[in-house]
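# Okay, predicted coordinates and the sequence, questions at the end:
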Amino acid sequence: MTEQKAKISVLTPTYNDSESIEETLLSLLNQTYQNWEWIVINDGSTDDTEAHIAGLIRKYGISKKCRSAERTYSRT
């Protein structure tokens, strides 16, 4: 029987971080342990963070390892 390695969930909160989010992803991709999922929580960015993340997922072919969530409530 093959022993399964535990999946690690990496949570990345972000806000207006389109210029440096790739650095975070590259750090994750360079880890020796590869059974992970990347969950990005976008806290209502007003720049192109969400589109940039989608582009990175396509660029690195990691759509099955990534999920993105965005806050849907407004701050008052």
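Now that the structure is in, tell me what you want to look at. Numbers count the residues shown, from 1 in each chain.

# what's the neighbour count on the spatially closest residue to A69 that is not a sequence neighbour?
The shortest distance from A69 to any non-neighbouring residue, by Cβ to Cβ, 6 or more residues apart in numbering, is to I41 (5.2 Å). No exception for glycine: its C-beta is placed from N, CA and C like everyone else's. Neighbours of I41 under the rule other Cβ atoms under 10 Å: 14.

# What are the contacting residues of the helix ranked longest in the chain?
Taking DSSP state H as the criterion, the chain has its longest helix at helix 49-60. The contact list for helix 49-60 (Cβ atoms under 8 Å, 6 or more residues apart in numbering) reads 14-18, 21-22, 25, 29, 40, 42, 63, 66, 68, 70.

# out of these, which are inside helices?
Filtering these for helices - DSSP H - leaves 21-22, 25, 29.

# Buried subset of those as a PyMOL selection?
Buried subset of the ones in helices among the contacts of helix 49-60, written as a PyMOL selection, criterion 16 or more other Cβ atoms under 10 Å:
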select buried, resi 21+22+25
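
# got the ones in helices among the contacts of helix 49-60 as CSV, with distance to K59 columns?
Output for the ones in helices among the contacts of helix 49-60, formatted as CSV (distance: Cβ to Cβ, whole Å):
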residue, distance to K59
I21, 12
E22, 9
L25, 9
L29, 11
